[in-house]
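1. what would the 3D arrangement of this be:
(one chain, ligands or ions: 1)
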Amino acid sequence: MLLPSQVKICEVAPRDGFQAEAEWIPTEQKVHIIRQLATTGIQSLEITSFVHPKAIPQLKDAAEVVEQSQDLTDIKFRALVPNVKGAERAINVGIKKLKLMLSATDSHSLSNANSKVVEAQNHHATTIEFAQKNNVQVGGSISVAFGCPYEGRVPIDRLMSIVDRYNKFGVYEVSLADTTGMADPIQVYETLGALKTMFPTTTFSMHFHNTRGMALANVYAALQQGIVHFDSSIAGLGGCPYAPGASGNVASEDLVHMLHQMGIGTGINLDQMIAVAKDTKEILGHDGGSYMLQAGPCSALHLKPKGQEKVEK
Ligand code: ZN
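-> Here you go, the predicted structure:
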């Protein structure tokens, strides 16, 4: 089986993970976790979201978090922005890459952005233009790309029309998010096959939540389609608003572990990442589902049971 030999992981806990935390995380703790993550070898990080502070109070310190992390120049930061106002705030503090928010379905878009998908995407034009004027890169995203909690499975045609419009706006990087963990591996494989054929110049990245335990299987399906960009979250942080207490994003340490087991490089130090996951769990008082925190890596062998040495002789 021909799989990519190297993949690029974007750590999203400081945005996706933190925004799901009900209790306020002080700015210095957020920055501490980001600095810890920087020691693992990660090359890109979704550092925050410049949404209205009333919409997500947990991220109201977005600008401070970015300012206090600015010396971490080995890492490429990106920030999620809902509109031109958010883009302006992000660019003002030196963010060089923006990710746009968009839902795959009208029901999810209406509940999240208060407008239908087409209208929401039209609004992106202003944001994209503003970013381009400021020499800032823009990537698109599609939430609930595989399944919507209101509408169920999302037809491929719908994704195609959204990607097509992104392309028309000059956006050739699109993140497909399984926001509530409804995707299955066959669906991922087939969807990516169709999208890659239709949009050969678009770079797709995958953002899987592990709400129903299918995230790593979905990663494998995406690898089989040659995908090399994946999001993940330390300690599996990141919730599902429709299922309180459910698992979050695929845990970074679980993803790195699986990839390394299969001989796929990430540039990340797994032991260090597990240590950071432990630390993060301690700081926040919980994790979002992490096999590495429960069982440790395959390489951590146990002492043989007593008497077994004899049997083996
Ligand atoms: Zn997410």
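2. the closest residue to Q137 other than its chain neighbours and L110, how far apart?
-> Of all residues not flanking Q137 in the chain, K97 sits nearest, at 4.4 Å (C-beta to C-beta, 6 or more residues apart in numbering). Heads up, the C-betas are built off the backbone N, CA and C, glycines and all. As judged by C-beta to C-beta, to the nearest Å, K97 and L110 stand 28 Å apart.
3. likewise for R35?
-> 38 Å.
4. quick check, R158 in contact with D106.
-> No: using C-beta atoms under 8 Å, R158 is not in contact with D106; the gap is 9.7 Å.
5. what ranges do the helices span in the stretch 201-313 of the chain?
-> In the stretch 201-313 of the chain, the segments counted as helices under DSSP state H, counting those that start in this stretch are 215-224, 252-261, 270-284, 291-295, 308-312.
6. which one of those lies closest to A22?
-> helix 270-284 (10.7 Å; C-beta to C-beta).
7. list the buried ones in that closest one?
-> Neighbour counts over helix 270-284 (16 or more other C-beta atoms under 10 Å) mark L270, Q272, M273, I274, V276, A277, K278, T280, K281, L284 as buried.
8. residues contacting it, please?
-> Applying C-beta atoms under 8 Å, 6 or more residues apart in numbering, the external contacts of helix 270-284 come out as 13, 21, 25, 29, 32-33, 36-37, 39-41, 234-235, 237, 251-253, 256-257, 260, 287, 290, 292-293, 296-297.
9. now stretch 116-136
-> Residues from elsewhere that reach stretch 116-136 (C-beta under 8 Å, 6+ apart): 81, 83-84, 86-88, 91, 95-98, 100, 102-106, 109-110, 113, 115, 137-138, 140, 162, 165-166, 169-171.
10. only the buried subset of these, as a ChimeraX command please.
-> Per 16+ other C-beta under 10 Å, the buried members of the contacts of stretch 116-136 correspond to this ChimeraX selection:
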select :81,83,84,86,87,91,95,97,98,100,102,103,104,105,106,109,110,113,138,140,162,165,166,169,171
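11. in strands, which of the contacts of stretch 116-136 appear?
-> Judged by DSSP state E, the contacts of stretch 116-136 include V81, K97, L98, L100, Q137, V138, G140 as members of strands.
12. nearest residue to I186 in space, please, no chain neighbours.
-> Spatially, and ignoring its direct neighbours in sequence, I186 is nearest to A221 (7.2 Å; C-beta to C-beta, 6+ apart).
13. any idea how far that neighbour is from K281?
-> 28 Å.
14. how about V144?
-> Going from V144 to K281 by C-beta to C-beta gives 28 Å.
15. centroid-nearest residue for the chain?
-> What sits nearest the mean C-alpha location of the chain, by C-alpha atoms, centre = their mean, is D231, with 3.3 Å.
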